[in-house]
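Trainee: Predicted structure and sequence below. I'll ask about it afterward.
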Amino acid sequence: MGYIIFFITAAVVVTLFQSVGLFSITGTSHFTLEPWKIVTSREVLDSLRFSLTMGVGSSVGTILVAFPMALYLRKPTPVKGAIGSIIKIPLFIPALVATFLIVNVISYDGLLNEALVFLHVLRKPARMLNDKGGIGVIIIQIWKNLPFVLLIVSASVAGIRDDTIDAAKNLGAGPFSVVRFVYIPLAMPGILVAMILMFIKAFGDYPITSIEGPIYPSSMAVRMYTTATLYQQWNQAAVIGVLIIVTTIFVVAGYSKLAGMVGQE
Amino acid sequence: MSGLRLTNVTKSFGDFKAIDSIDLDVEEGEFITLLGPSGCGKTTTLRTIAGFHSPDNGEVYIKERLVNNIPPSRRNTGMCFQSYALFPHMTVYDNVRFGLRMRKIAQAEQRRRVTEALRMVELEQLVGRKPGELSGGQQQRVALARAIVIEPDLLLFDEPLSNLDAKLRESVRVEIRNLQKRLGITSIYVTHDQAEALVISDRVVIMNQGKIEQIGDPHWVYDHPKTSFVAGFIGLANIRQGTVQAEEAGTYRIKADFGEVYARVEGLRIGETVSFSFRPEDVVIAGSPGRNTIRGTVHQAIFMGNLTDLFVEFGGVIFRAQLAKGRAFKTGEPIELTIPEDAIRILDRGGTT
């Protein structure tokens, strides 16, 4: 038990101590709140805002894609097996490789822009790479994590009894009402777990945002890396690490509260 | 007015024909039961009425309205499921008002109707509970309240009491029947329990292998089975075959494998091969030798308190008789029994009513 507690908590505790000047890798160790001054800097706040957008956008976006898929795949269909196999492909591709693959699709002269211009949806190609809004990052996060999220949400949806759905239809619920009043509340535990895990991944992501994200603002993970390795400010990097942890906890609590409200209609 | 009409309805799943050319006409306010063994098509019929299956052939009319292309959400039927199918995340109140909410009934009217429905099933005090906090009987009553609160054109019951213990089943089925009589809603009830069907129904529809074997009120179906299947499925029956030999004064002499038997029936032809049956409880101890007297040997006697279940060997055949409380019987003892001529029923001659 002691080993587990130490193993899990040691990294967090050391980061916390480093953020207040203790366990310093460079220079002397002494308690100080000086590193915490960066919290109010424009760069860190912009990075925090950007990472939050990536986290929330990726978690919500993946659920919006995965949930309808889970509903469709709930019933046996002739193509269910084939669709299930295709959806699993991103599981086998590392995040860094996936980033480069998707870049080919969403770059200025990539497949997506060419198709949209050809179909006259766009007059000229849109910027989806390294854009300030992080659209490319969100697309890659959704693509990469869809199988994982789909697995969790599908298990939740599969646990809903057919006769519960039939009862809702019998009582007058159309397709959207069945989804809103039965599927979503009953699948909410799975949806919530999937969204939390997805947020944690995307909020703290490094490989995808380092390649596909904008030059400015960078993500919190990229800023933490550059603060530590480029500027050798390990204590300030630890502060960013603590910010990542604390923000994640608050957002997870917020998701849980929202899920509880949705579950109660 | 007809409450429900099925005209030549057929439904297959792949190569398996679940229901085959079903014709059924149910009067408004009538309580009918679809009765039969597992796999006979009774639940498929019910789900086709509800709209969960589309018939491959035939039409479904609810209150003279053709509903073949109308989805379940717009047929205005109220269904009670075997597993209750309550919404586990909603309270009793929200479960019952769900249908009213889908119909966009005003809040005040919702409150009034939900309160009234829960009062009818005697569950007003449990409005705030969730289904997981209720017993099986309470859950089924909530399901009933949920079905009736929407004032449906049809009530559909899919073996609603199967998950309850025997004693609770008896009391809840009486409640269901009393409520249905009070409200006058046309009801279709599915069960494989023949006792349940006979107790609560205005008419019983016996089904077998996707077809209707016989329709009639419980007394008639029990006393006048038309087919071997119905005779054997409803109650107990001795079923034999024989050849019609002669007729005199409204009675036919039939030569069966165990001997001759006289039946007071109509419309047989001399030389015709027939199946016939008689109920064990119709057999009596022979007072004096006469026609239809069986002189056999007791093969087995089972004392059941108010009656004795007797298996008698005669002519190489084992007959079953049920005699009211009386003397004890011993295996191997000789016995004389009489089958009343008017207790014999001719089977499998065609027609379902």
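Mentor: It's in. Predicted model only: the values in this text are computed from it and were never measured.
Trainee: Averaged pLDDT, the longest helix along chain A. What do you get?
Mentor: In chain A, taking DSSP state H as the definition, the longest helix is helix A:42-74. Averaging pLDDT along helix A:42-74 gives 93.
Trainee: Is B:Gln140 in a helix, a strand, or coil?
Mentor: Of the three states, B:Gln140 takes helix according to DSSP: H, G, I helix; E, B strand; the rest coil.
Trainee: For the longest helix of chain A, what is the distance to the chain centroid?
Mentor: 5 Å (CA atoms, centre = their mean, to the nearest Å).
Trainee: Buried residues in that helix, which are they?
Mentor: Within helix A:42-74, the residues that count as buried by 16 or more other CB atoms under 10 Å in any protein chain shown are A:44, A:47-48, A:50-59, A:61-63, A:65-67, A:69-71, A:73-74. From N, CA and C alone the C-beta is placed, and that goes for glycine too.
Trainee: could you say what helices and strands the helix or strand just after that helix packs with?
Mentor: Once helix A:42-74 ends, the next helix or strand along the chain (criterion: DSSP states H and E) is helix A:80-87. Secondary-structure packing of helix A:80-87 (3 or more CB pairs under 8 Å, 6 or more residues apart in numbering or on different chains; DSSP states H and E): helix A:42-74, helix A:135-158.
Trainee: In a markdown table, list the ones you listed along with distance to chain B.
Mentor: Shown next, in a markdown table, are these (distance: least, CB to the nearest CB, whole Å):
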| stretch | distance to chain B |
| --- | --- |
| helix A:42-74 | 16 |
| helix A:135-158 | 13 |
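Trainee: Quick check: residues of the stretch 151-265 of chain A near chain B?
Mentor: Contacts of the stretch 151-265 of chain A with chain B, taken as CB under 8 Å from any CB of the partner chain, map to A:161, A:163-164, A:166-174, A:177, A:181-182, A:185-186, A:263-265.
Trainee: PyMOL command to pick out the buried ones of those?
Mentor: A single PyMOL command is used to select the members of those judged buried by 16+ other CB under 10 Å:
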select buried, chain A and resi 163+164+166+167+168+169+170+171+172+173+177+181+182+185+186+263
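Trainee: So which of the residues of the stretch 151-265 of chain A next to chain B are in helices?
Mentor: Under the assignment DSSP H, these contribute A:163-164, A:166-170, A:177, A:185-186, A:263 to helices.
Trainee: For chain A, give me the ranges with low pLDDT.
Mentor: Where chain A drops to pLDDT under 70, the residues are A:26-27, A:263-265.
Trainee: Number of residues surrounding residue 30?
Mentor: Answering for chain A, as no chain was given. 10 (other CB atoms under 10 Å in any protein chain shown).
Trainee: wrong one, chain B
Mentor: 19.
Trainee: so what's the residue nearest to it when sequence neighbours are not counted up against?
Mentor: Distances taken as CB to CB, 6 or more residues apart in numbering or on different chains place B:Asp202 nearest to B:Glu30, at 4.9 Å, with adjacent residues excluded. Listed by CB atoms under 8 Å, 6 or more residues apart in numbering or on different chains, the contact partners of B:Asp202 are B:30-32, B:217.
Trainee: what do you get for A:Leu73?
Mentor: A:80, A:83-84, A:154.
Trainee: And these, which of them are buried?
Mentor: Using 16+ other CB under 10 Å, the buried members of the contacts of A:Leu73 are A:Ser154.
Trainee: So which of the contacts of A:Leu73 is the closest to chain B?
Mentor: Among these, A:Lys80 lies closest to chain B (CB to the nearest CB), at 17.2 Å.
Trainee: The closest one and B:Gln322, how far apart?
Mentor: For A:Lys80, the distance to B:Gln322 equals 55 Å [CB to CB, to the nearest Å].
Trainee: rewinding a little: which of the ones in helices among the residues of the stretch 151-265 of chain A next to chain B sit farthest apart?
Mentor: A:Asn170 and A:Gly263 (22.6 Å; CB to CB).
Trainee: how about the longest helix seen in chain B: buried residues?
Mentor: The longest helix of chain B (DSSP H) is helix B:166-183. Across helix B:166-183, burial judged by 16+ other CB under 10 Å covers B:169, B:172-173, B:175-177, B:179-180.
Trainee: Next: stretch B:135-151.
Mentor: B:136-150.
Trainee: same check, this time on stretch B:312-323
Mentor: B:312-314, B:319-323.
Trainee: Mind checking which of those residues are in strands?
Mentor: Among the buried residues of stretch B:312-323, the residues falling in strands (DSSP state E) are B:312-314, B:319-323.
Trainee: Could I get the residues you listed in TSV, plus columns for pLDDT?
Mentor: Below are these laid out as TSV (pLDDT from 0 to 100):
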residue	pLDDT
B:Val312	92
B:Glu313	92
B:Phe314	88
B:Phe319	90
B:Arg320	93
B:Ala321	92
B:Gln322	92
B:Leu323	90
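Trainee: Pairing-wise in the sheet, spell out the partners of the closest residue to chain A within the stretch 151-300 of chain B.
Mentor: Nearest residue of the stretch 151-300 of chain B to chain A, counting by CB to the nearest CB: B:Leu156, 8.0 Å away. Beta-bridge partners of B:Leu156, counted by DSSP bridges, are B:Met79, B:Ile188.
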